[in-house]
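# Compute the structure for the input listed below.
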Amino acid sequence: MLQERHPNVVQVHGCHEQDGKPYLIMELLTGGSLNRQPGRHQMPLTEAAALVRTLAQTMDAVHRQGIVHGNLKPSKVLLAADGTPKIGGFIIGRKEREVSATILAPAVMGTPRYMAPEQLAGDTAAVGPATDIYALGLILYELLTGWLPFRAVTLWEMMAQVLREPPEPPSRVRPDVTPGLDAICLRCLAKEPKQRYPSAGELARELERYP
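Numbers count the residues shown, from 1 in each chain. Predicted coordinates for the structure are as follows:
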């Protein structure tokens, strides 16, 4: 749990137990989520950049407390009634130094089509803030194009693409995507964690310049 409340993280108001089963009392958000049907929606460039900038700033604050999300995707970005985005659904949600000792298996810790290469490969030692940065790149790509960069028919084909093939630049799907946004997406989606942005805060600063 975060040591400090953040306006763009779903708030937990309490933790209780009933009949030996723990449960959380959480903030009620009535605006739905970012989850969208692939291939049907493309967000305006400035709106997509601003939204992912907010998410990156939020994840930077989370990462600075040593916490990794591990399953960041559009359905985990919930919206308040006024449209404010709030990140929830943390599945690692623990200090980064503990991650490698606590993750059970890649299939347990995320949604395959939104998982980074290191998650799909089962490299738990490599899972960290860069894994969430990869997910932010996927969210930006999907908001811009309406699609994910890897769209194989079967799960195994998709996993092979994520592990081995370079993503198609967003501008090839949507020609008005600027070179800057292309570059940001592709850096987030680098196969090697060290080739991505060094922090979510750095990603947020890059997004301030584009499109």
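# Who are the packing partners of the one helix or strand Gly201 maps to?
Following DSSP states H and E, one finds Gly201 within helix 200-207. Helices and strands touching helix 200-207, by 3 or more Cβ pairs under 8 Å, 6 or more residues apart in numbering; DSSP states H and E, are helix 45-64, helix 129-145, helix 179-188. C-beta here means a position set from N, CA and C on the backbone, and glycine is covered the same way.
# Let me see the contact set for Ser199.
Taking Cβ atoms under 8 Å, 6 or more residues apart in numbering, we find Ser199 in contact with 60, 63, 129, 133.
# what's the answer for Ala190, then?
134, 196.
# wait, is it part of a strand?
No. If the criterion is DSSP: H, G, I helix; E, B strand; the rest coil, then Ala190 is coil and not within a strand.
# Tell me the pLDDT of it.
According to the prediction, Ala190 has pLDDT 97.
# Distance of it relative to Arg196?
5 Å (Cβ to Cβ, to the nearest Å).
# Name the residues contacting each of these two.
Joint contacts of Ala190 and Arg196 (Cβ under 8 Å, 6+ apart) are Tyr134.
# Return the closest of the contacts of Ser199 with respect to Pro44.
Nearest to Pro44 among the contacts of Ser199 is Ile133, at 23.0 Å by Cβ to Cβ.
# one step back: which residues are in contact with the helix holding Gly201?
49-50, 52-54, 56-57, 59-60, 63, 129, 132-133, 136, 184, 188, 197.
# Let's see that with 6 Å instead.
For helix 200-207, the external contacting residues (Cβ atoms under 6 Å, 6 or more residues apart in numbering) are 49, 53, 56-57, 59-60, 63, 133, 184, 197.
# Repeat that for stretch 136-147.
38-43, 48, 52, 55-56, 114, 148-149, 170, 173-174, 177, 185, 188-189.
# Please apply the same query to stretch 151-158.
By Cβ under 6 Å, 6+ apart, stretch 151-158 touches 150, 161.
# what are the C-alpha coordinates of that stretch, in CSV please?
The C-alpha trace of stretch 151-158 is given here as CSV (Å, rounded to 0.1, in the frame of the first residue of the first chain):
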residue,chain,number,x,y,z
ARG,A,151,-2.0,-8.9,-32.9
ALA,A,152,-1.4,-12.6,-33.6
VAL,A,153,-4.3,-15.0,-33.9
THR,A,154,-3.2,-17.4,-31.1
LEU,A,155,-1.7,-16.7,-27.7
TRP,A,156,1.5,-18.5,-28.5
GLU,A,157,2.0,-16.6,-31.7
MET,A,158,1.4,-13.3,-29.9
